[in-house]
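> Give me a 3D structure for the following:
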Amino acid sequence: MTGHIPVHLQVNGQAHELSLDPRVSLLDCLREHLQLTGTKKGCDQGACGACTVLADGERINSCLAPAVQCDGMEIVTIEAMAGHGLGAKVQEAFQAHDGFQCGYCTSGQICSIVAMLAEHRDGRPSAETGDLTAPAVLTDAEIRERMAGNLCRCGAYNGIVAAVREVAGA
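Residues are numbered from 1 along each chain as shown. Sure thing, here's the model as predicted:
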């Protein structure tokens with residue numbers, strides 16, 4: 001196909017060799033080319049976080065990332081979270097604390113929480129972190145700040161924060 005670029009993606013542990021138009025977003029690649037529809041298209045502008053996935057362990061808005069820029073990266077989507085130790089715990093905590101209502105944002109929230117907890121474990125501060133010389137305590141305010149890129153139109157934020165607190169042991 002003319003104008004297409006070869007792209008190698010490792011998605012949820014499975015290798016994919018694709019030929020893509022360079023304008024295809026990672027989100028559209030996941031949903032339309034790989035039939036992984038758990039990642040949701042919300043705003044398609046990077047503002048809501050419904051499309052959050054992990055790329056080489058970092059959370060990204062897949063609607064903003066051209067798939068060709070992810071060539072060679074390890075992509076993890078919600079479909080793999082049940083088999084991911086921390087991801088499974090986050091899913092269980094979401095159920096226990098009613099961290100979802102309509103469920104549309106849930107896949108992005110869960111992927112984001114897994115990455116956010118890794119960022120916290122690695123000692124990365126947020127805008128809410130007061131003392132940069134000590135490990136940040138995951139207070140409700142700290143959790144809300146770190147999750148600010150993931151919106152929930154239903155307003156399940158209290159359940160989401162409670163789920164994070166449980167998984168983090170806070």
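
> what ranges do the strands span in this protein?
Shown for the chain, the strands assigned by DSSP state E span residues 5-11, 14-20, 52-55, 58-61, 74-76.

> Now do the shortest one: everything it contacts.
Looking back up the chat, that one is strand 74-76. Identification of contacts with strand 74-76 by Cβ atoms under 8 Å, 6 or more residues apart in numbering yields 9-12, 26, 30, 53-57, 84, 111. For the C-beta atoms, the positions are set from N, CA and C on the backbone; glycine is no exception.

> coming back round to it: quick one: which of the strands of the chain is nearest His120?
Of all the strands of the chain, strand 58-61 sits nearest to His120, with 12.4 Å by Cβ to Cβ.

> Partner strands of that closest one and their direction?
Strand 58-61 has the following strand partners under DSSP bridges: strand 52-55 (antiparallel).

> Just the CA atoms of the strand it pairs with, as CSV, please.
What follows is the C-alpha trace of strand 52-55 in CSV, where atoms were taken according to Å, rounded to 0.1, in the frame of the first residue of the first chain:
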residue,chain,number,x,y,z
THR,A,52,-4.8,5.7,28.4
VAL,A,53,-2.5,2.8,27.8
LEU,A,54,1.0,1.9,28.9
ALA,A,55,3.8,2.4,26.4
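
> and that strand, how far from the chain's centre?
From the chain centre to the centre of strand 52-55 is a distance of 4 Å (Cα atoms, centre = their mean, to the nearest Å).

> Return the set of buried residues in it.
Within strand 52-55, the residues scored as buried using 16 or more other Cβ atoms under 10 Å are 52-55.
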